[in-house]
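> return a 3D structure for these sequence lines:
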Amino acid sequence: MKYKKIKVGNRYIEGFLIKLSSKSLILLRGSKGYVMCGYLNLKVAEKFKDIAIKVTGISSIQQAVDANVCSCTSSARKLGISKGQPVKEVLKIIA
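Residues are numbered from 1 along each chain as shown. Below is the predicted model of the structure:
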């Protein structure tokens, strides 16, 4: 497992990478919500009313930070997060 603290303003986001069989599970966690890779289920996050953002095509924590939003929950949309938005902007919202 890899762990990285990412400074966003005066707060931090936690980055996790867990190596699975041939791919990795990647998660960026803030105090309000999280950015997840395609391994995690957005429908379940929606069910629990999580502020969740999905990114795809990534294989590292840094690629997740540099990605754009692929999709997100309705709770994330209420905070102004939208498809195509840079994750770097999203991290400011969820930190």
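
> pLDDT of the helix of greatest length in the chain, averaged?
Longest helix in the chain by number of residues (criterion: DSSP state H): helix 87-94. The pLDDT scores in helix 87-94 average 98.

> how about it: buried residues?
Within helix 87-94, the residues that qualify as buried are 87, 90-91, 93-94, counting by 16 or more other Cβ atoms under 10 Å. To be clear about C-beta, it is placed using only N, CA and C from the backbone, and glycine gets the same treatment.

> tell me, what residue is most central in the protein?
V35 (0.9 Å; Cα atoms, centre = their mean).

> so that one sits against V87, correct?
Yes - here V35 reaches V87: they are 5.8 Å apart, a contact under Cβ atoms under 8 Å.

> what touches both of those two?
Common contact partners of V35 and V87 (Cβ atoms under 8 Å, 6 or more residues apart in numbering): 28, 53, 55, 64.

> can you list the residues that contact stretch 57-70?
2, 4, 6, 15-17, 23-24, 26, 28, 35, 37, 53-56, 81-88, 90-91.

> mind running it again at 7 Å?
Stretch 57-70 has contacts (Cβ atoms under 7 Å, 6 or more residues apart in numbering) with 2, 4, 6, 15, 17, 24, 26, 28, 35, 37, 53-56, 81-88, 90.

> one step back: most surrounded residue in the shared contacts of V35 and V87?
I53 (32 neighbours; other Cβ atoms under 10 Å).
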